[in-house]
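S.K.: Requesting a structural model of the entry that follows:
(4 chains)
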Protein chains: 2
Amino acid sequence: MPEVPPSAPTGDELLKVLTALGNPHRMRIVAALLKNRTYVSALAREIGIGRPLLHMHLQRLEAAGLVTGTLEAAEDGKTMKYYDVTPFVCELTPHTIARAAATLTDAGADTDDRSTHRSDRSAKEEAK
Amino acid sequence: MPEVPPSAPTGDELLKVLTALGNPHRMRIVAALLKNRTYVSALAREIGIGRPLLHMHLQRLEAAGLVTGTLEAAEDGKTMKYYDVTPFVCELTPHTIARAAATLTDAGADTDDRSTHRSDRSAKEEAK
DNA sequence: GGGACCTGTCAAAGATTTCTGACACATCTC
DNA sequence: GAGATGTGTCAGAAATCTTTGACAGGTCCC
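M.R.: Presented below is the predicted three-dimensional model:
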């Protein structure tokens, strides 16, 4: 989905993007990185959060394909990890969502369909 | 943000939309409602989840302005709540995110800026 | 009245996400 | 070596989200 030409994302891809972006810290991270790329420690100071926490957020964003990190050696020999934002484009409309929802993997849950759902009294029927 | 002409959403609005959409069930709900509007109980059966759960998800979607529910009286006198999807449009790009992030309220947290952050040993300095 | 629908709400359990404080390792400078 | 910087990881607490079962009310039909 991170490609510049807006292609139809699979359900799981879009879901990952949405959950990645649906967090104030991560929105600010994208904003900060768009303004100017930096390395982890500097970014942590700029945003005002701890480094382990930022690390986790960056991983989430990178897993969704929204940012990319590269290890680079500074002139003084220190290795630092610089992050850049991916120029993603994603149109969010009912249609887009529906299209994506059709290809949702639901990974991690039962993939079968035996009806063991319902909760109310309106459940005991339906077997007849 | 739910307006048809894509206006710039505030940070909190966009955040609400993203967290609302970032859930497989809610994506399927939007998809199902786009195909044809229904009432809560029928939708619960169609999606295959319990009614109280669906109720919660619908509330979340409605709070984000993505769907709207209306109580309607059927011909036989039963009152049922029909839901429709709002024709929202939302362009998701680094720029959009950055723009929204600038107006993030961060409601529910400290709104001041006294530096009580950082975690590593790399924190004890910075005051000098 | 009893049964089949509809609506809503609540409390508690379960599962995830978020956050923090260590820890370990590296290089460069004094 | 000590101190300041950078990297990464881990375990556990804290907060949030998701899910379920039970309960409340309503109308209609036999």
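S.K.: ok, now which ones touch residue A:61?
M.R.: When the contact criterion is Cβ atoms under 8 Å, 6 or more residues apart in numbering or on different chains, the partners of residue A:61 are A:20, A:26, A:29-30, A:67. Where you see a C-beta, it was placed from the backbone N, CA and C, and this is true even at glycine.
S.K.: Now with 6 Å, please.
M.R.: The contact partners of residue A:61, taken as Cβ atoms under 6 Å, 6 or more residues apart in numbering or on different chains, are A:20, A:26, A:67.
S.K.: Just name the closest of the residues you listed to residue A:97, please.
M.R.: When the contacts of residue A:61 are compared for distance to residue A:97 (Cβ to Cβ), residue A:20 comes out closest, at 16.1 Å.
S.K.: Give me the secondary structure label for the closest one.
M.R.: State at residue A:20, reduced to three classes by DSSP: H, G, I helix; E, B strand; the rest coil: helix.
S.K.: can you pull the pLDDT of the closest residue to it other than its chain neighbours?
M.R.: Using Cβ to Cβ, 6 or more residues apart in numbering or on different chains and skipping the chain neighbours, the partner closest in space to residue A:20 is residue A:64 (3.7 Å). What the model reports for residue A:64 is a pLDDT of 97.
S.K.: Go ahead and confirm residue A:64 touches residue A:17.
M.R.: Yes. With contact defined as Cβ atoms under 6 Å, residue A:64 reaches residue A:17; the gap is 4.9 Å.
S.K.: so who does the residue positioned nearest the centre of chain A touch?
M.R.: Centroid-nearest residue in chain A, with Cα atoms, centre = their mean: residue A:20, separated by 2.7 Å. For residue A:20, the residues meeting the contact criterion (Cβ under 6 Å, 6+ apart) are A:60-61, A:64, A:66.
S.K.: Go again with 10 Å.
M.R.: Taking Cβ atoms under 10 Å, 6 or more residues apart in numbering or on different chains as the contact definition, residue A:20 lies against A:26-27, A:30, A:57, A:59-67, B:18, B:22.
S.K.: right, and the residue nearest to residue A:20 touches residue A:23 too?
M.R.: No. Counting by Cβ atoms under 10 Å, residue A:23 is not a contact partner of residue A:64; they are 11.2 Å apart.
S.K.: how close does whatever residue of chain A ends up closest to DNA strand C get to DNA strand D?
M.R.: With distances taken as Cβ to the nearest atom of the strand, chain A approaches DNA strand C most closely at residue A:77, which sits 2.3 Å away. Here the criterion is Cβ to the nearest atom of the strand, to the nearest Å. By it, residue A:77 lies 10 Å from DNA strand D.
S.K.: Could you count how many residues lie near that residue?
M.R.: 6 (other Cβ atoms under 10 Å in any protein chain shown).
S.K.: how about it, secondary structure?
M.R.: Local secondary structure at residue A:77 is given as coil here, using three-state DSSP.
S.K.: Now flag whichever of the contacts of residue A:61 is closest to residue A:90.
M.R.: Out of the contacts of residue A:61, the one with the shortest distance to residue A:90 is residue A:20. That distance is 11.2 Å, counting by Cβ to Cβ.
S.K.: For residue A:11, see how far away that closest one is.
M.R.: Taking Cβ to Cβ, to the nearest Å as the measure, residue A:20 falls 15 Å from residue A:11.
S.K.: Regarding the nearest residue to residue A:26 once chain neighbours are set aside, which helix or strand does it belong to?
M.R.: Taking Cβ to Cβ, 6+ apart, and ignoring the residues beside it in sequence, residue A:26 has residue A:57 as its nearest neighbour in space, at 5.2 Å. Taking DSSP states H and E as the criterion, residue A:57 maps to helix A:51-63.
S.K.: what do you get for residue A:26?
M.R.: According to DSSP H and E, residue A:26 maps onto helix A:24-35.
S.K.: could you say what helices and strands that helix packs with?
M.R.: helix A:11-21, helix A:40-47, helix A:51-63, strand A:67-73, strand A:79-85, helix B:11-21, helix B:94-101 (3 or more Cβ pairs under 10 Å, 6 or more residues apart in numbering or on different chains; DSSP states H and E).
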